[in-house]
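Trainee: The following block contains a protein sequence and its predicted model.
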Amino acid sequence: MAALYKPFYATSAGRAFLGDSLDVMKSLGDDSVSLIVTSPPFPLTFQKKKPYETIGIERYVDWFLEFGNQFRRILKDDGSAVIDIGGVWNRGTPTRSLYQYHLLLGLCEKVGFHFAQDFYWYNPGALPAPAEWVNVRRIRVKGAVNLVWWLSKTPWPKANNRSVLKAYSPDMIRLLKRGYRVKSRPSGHAITAKFGRDHGGAIPPNLLEFGNNDSNGTYLHRCKEAGLPIHPARFPRALPEFFIKLCTTTGDLVLDPFAGSNVTGEAAERLGRRWIAVELVQDYLEGSRYRFDPLLMTRERHRRYVAKRRRGSRKPRVDHLKRSQR
């Protein structure tokens, strides 16, 4: 895995690399990755939040397609790429950008991906925004849904929805106990006796409801203790977990090329998958260690790192990828 580069840290299942994911991906073999799950910096992030490179919305799609070409090369024939891509408001007006859809079209029509399915991540705890249109003028409602594109290298990616079944609703549990009478619905659909079989759970919809308001987790506490910045745009672990369960099996390799605090790597490790994470900002990658065994960072190394930070700048650092000396 990325043999030309020295990992920033490693676990028994995965490796985290500091640097540009384009460079790391170029070192990976063709057809070597089963699943890519990522949440790239959105154009809004580029406009307002450092230290990531500033890329305007007008250049975003072309910028991302270079990554898309590498995604398709390294994915296995039955592999998938899952991209959580948030929306952006047009500057100065209460209207939304269409960049997410231009990106989807580019990845399919120019790179050659297949559009497996669209998903919608609903975050019930999302704050009302943008303030001007939602809170002040009251002419829009809060946005609480992110688009999630599931793309595949071929029309037949590895997937099994039995791995992501939901608990049955109380009504369905009662129906299974009482038995189901075969009949046609008003819509014209004929419901057969198979509907009354207990399959261990319900097939989930493509609307995924996951909260994202963790404020007491180990990652947050340990970053605060070390004086490390907390990544501002983390998705909940439940999101990558869903797609790792759906699209991979034990031992498969999962990649997050925009790893942030490495939520995807943590999810993969917990589910028995191998993983690779790549992140540009050293402080974010340093803090992501706390998602794994605390022995990854020895006490002495941790003491030296914290002391160095206190002597220098508090701003997160963006480092270039370092080639291994081995």
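Mentor: Here it is on my side, so go on. In this text the structure is predicted, and so the values were computed from the model without any measurement. Numbering: from 1, shown residues only.
Trainee: The longest helix anywhere in the chain - what's its average pLDDT?
Mentor: Longest helix in the chain, counting residues (DSSP state H): helix 57-74. The pLDDT scores in helix 57-74 average 94.
Trainee: Can you name the secondary structure element that comes next after it?
Mentor: Next helix or strand after helix 57-74 toward the C-terminus (DSSP states H and E): strand 75-85.
Trainee: which one is Lys153 nearest to, not counting chain neighbours?
Mentor: Nearest non-adjacent residue to Lys153, counting by CB to CB, 6 or more residues apart in numbering: Leu75, 4.6 Å away. Placement of C-beta: from N, CA and C, glycine included.
Trainee: for this structure, what helix or strand is lowest in average pLDDT?
Mentor: When the helices and strands of the chain are scored by mean pLDDT, DSSP states H and E, helix 43-48 comes last with a mean of 55.
Trainee: circling back to that earlier point, the longest helix of the chain to strand 75-85, inter-axis angle?
Mentor: 150 degrees (axes from the mean of the first three to the mean of the last three CA atoms, to 10 degrees).
Trainee: Which strands and helices lie in contact with helix 57-74?
Mentor: With contacts taken as 3 or more CB pairs under 8 Å, 6 or more residues apart in numbering; DSSP states H and E, helix 57-74 sits against helix 21-26, helix 43-48, strand 75-85, helix 99-106.
Trainee: Among those, which comes closest to Leu271?
Mentor: Across the helices and strands packed on helix 57-74, Leu271 has its closest neighbour in strand 75-85 (14.5 Å, CB to CB).
Trainee: in that closest one, what counts as buried?
Mentor: Neighbour-count burial for strand 75-85 flags Leu75, Lys76, Asp78, Gly79, Ser80, Ala81, Val82, Ile83, Asp84, Ile85 (criterion: 16 or more other CB atoms under 10 Å).
Trainee: For these, give me a markdown table that also has distance to His221.
Mentor: Listed next are those as a markdown table, based on distance: CB to CB, whole Å:
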| residue | distance to His221 |
| --- | --- |
| Leu75 | 36 |
| Lys76 | 38 |
| Asp78 | 39 |
| Gly79 | 36 |
| Ser80 | 34 |
| Ala81 | 33 |
| Val82 | 29 |
| Ile83 | 30 |
| Asp84 | 25 |
| Ile85 | 30 |
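Trainee: contacts for the longest helix of the chain?
Mentor: Under the contact criterion CB atoms under 8 Å, 6 or more residues apart in numbering, helix 57-74 has outside partners 21-22, 25-26, 28-33, 36, 40, 43, 46-47, 55, 81, 88, 97, 99, 102-103, 106-107, 110-113, 153, 255, 257.
Trainee: In ChimeraX, select just the buried ones from these.
Mentor: What follows is the ChimeraX syntax for the buried subset of these, where burial is set by 16+ other CB under 10 Å:
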select :21,25,28,32,33,36,40,43,46,55,81,88,97,99,103,106,107,111,113,153,255,257
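Trainee: From the buried residues of strand 75-85, pick the one nearest Pro232.
Mentor: So of the buried residues of strand 75-85, ranked by how close each gets to Pro232 (CB to CB), first place is Asp84, at 14.8 Å.
Trainee: For the helices and strands packed on helix 57-74, which has the smallest mean pLDDT value?
Mentor: Looking across the helices and strands packed on helix 57-74, the weakest by mean pLDDT turns out to be helix 43-48, at a mean of 55.
Trainee: follow-up on the earlier one: check contacts around the residue nearest to Lys153.
Mentor: By CB under 8 Å, 6+ apart, the neighbours of Leu75 are Asp31, Val33, Ser34, Ile36, Ala81, Lys153.
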